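In: Sequence first, then the predicted structure, then my questions.
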Amino acid sequence: MENKRIFDIELEKLNQKIIQMCSQVNKQVKDAIAALKENNLDLARAVIIIDNDINSLEIKIDKLCQKIFALQQPVASDLRFIMSALKINNDLERIGDHAVSIAKRISALEDFPELVPSLGVSQVGDKVHELFEIMLELVHNRNLNLNDEIFRQAASVKEECRTVSDKILAEMMQKTEVIAVATILLEILNHTERIAGYITNIAESITFVVEGEIIKHRKNQ
């Protein structure tokens with residue numbers, strides 16, 4: 001009985017650490033997008049620095065999952081949560097890596113900051129951060145009604161990334177002097193789209209926790 005009580009305490013601790021990880025990565029994404037829009041190199045550096053804290057938290061979550069497995073053989077619902085926590089933890093860490101990749105490229109845009117809004121890159125960034133905020137609510141409340149909105153907005157981000165990519169390529173064709181910076185913008189756009197992809201992964205994981213159903217393919221039907 002004592003082991004069961006400790007097990008439940010550790011499960012709740014794991015849940016809180018996943019929420020903490022979400023909040024920290026949310027700030028990282030938010031600040032990376034703000035730094036991009038404002039050409040704010042100080043904020044970009046802060047995004048890079050905080051990544052060490054996020055990597056450290058990822059390791060703590062992995063170790064906590066291992067500890068919980070050692071305490072007691074989980075029942076099906078608890079097992080789903082622990083397995084999903086491991087995957088969500090990894091997806092969040094990857095989102096943080098993409099936020100850092102965006103931040104590291106901002107200094108290269110210094111001579112052409114006007115291209116970020118004019119070509120639509122900052123608008124895509126705003127949509128991705130809004131998407132992350134919805135996912136954060138899903139992690140907090142496990143309200144699966146949010147899934148449709150997440151998948152819809154993620155698909156919209158993907159489509160807009162294609163549109164913006166075409167605009168950037170057209171700009172490169174017309175103005176050879178912006179080829180280097182436009183290439184950086186394409187890289188930033190790719191990182192932004194990847195963040196949206198990981199957000200949908202997390203939404204799938206929460207559905208698996210709640211319903212025990214894998215929806216990887218169902219969402220595209």
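Out: Structure received. This is a predicted model, so every value here is computed, not measured.
In: Quick check: buried residues in the host helix or strand of Leu136?
Out: Leu136 belongs to helix 121-141 when assigned by DSSP states H and E. Of all the residues in helix 121-141, those buried under the rule 16 or more other CB atoms under 10 Å are 121-122, 124-125, 127-129, 131-132, 134-136, 138-139. C-beta coordinates here come from the backbone N, C-alpha and C atoms, glycine included.
In: and if you look at stretch 48-63?
Out: Buried-residue list, stretch 48-63, by 16+ other CB under 10 Å: Ile48, Ile50, Asp51, Ile54, Leu57, Glu58, Ile61.
In: List the contacts of Glu10.
Out: Leu64, Lys67, Ile68, Leu71 (CB atoms under 8 Å, 6 or more residues apart in numbering).
In: Now the phi/psi pair for Pro74, please.
Out: Reported as degrees, to the nearest 10, the phi and psi values for Pro74 are phi -70, psi 150.
In: Correct me if wrong: it contacts Ile82.
Out: Yes: using CB atoms under 8 Å, Pro74 makes contact with Ile82 at a distance of 6.1 Å.
In: pLDDT score for the closest residue to Leu109 other than its chain neighbours?
Out: Nearest non-adjacent residue to Leu109, counting by CB to CB, 6 or more residues apart in numbering: Val181, 5.9 Å away. Per-residue pLDDT puts Val181 at 94.
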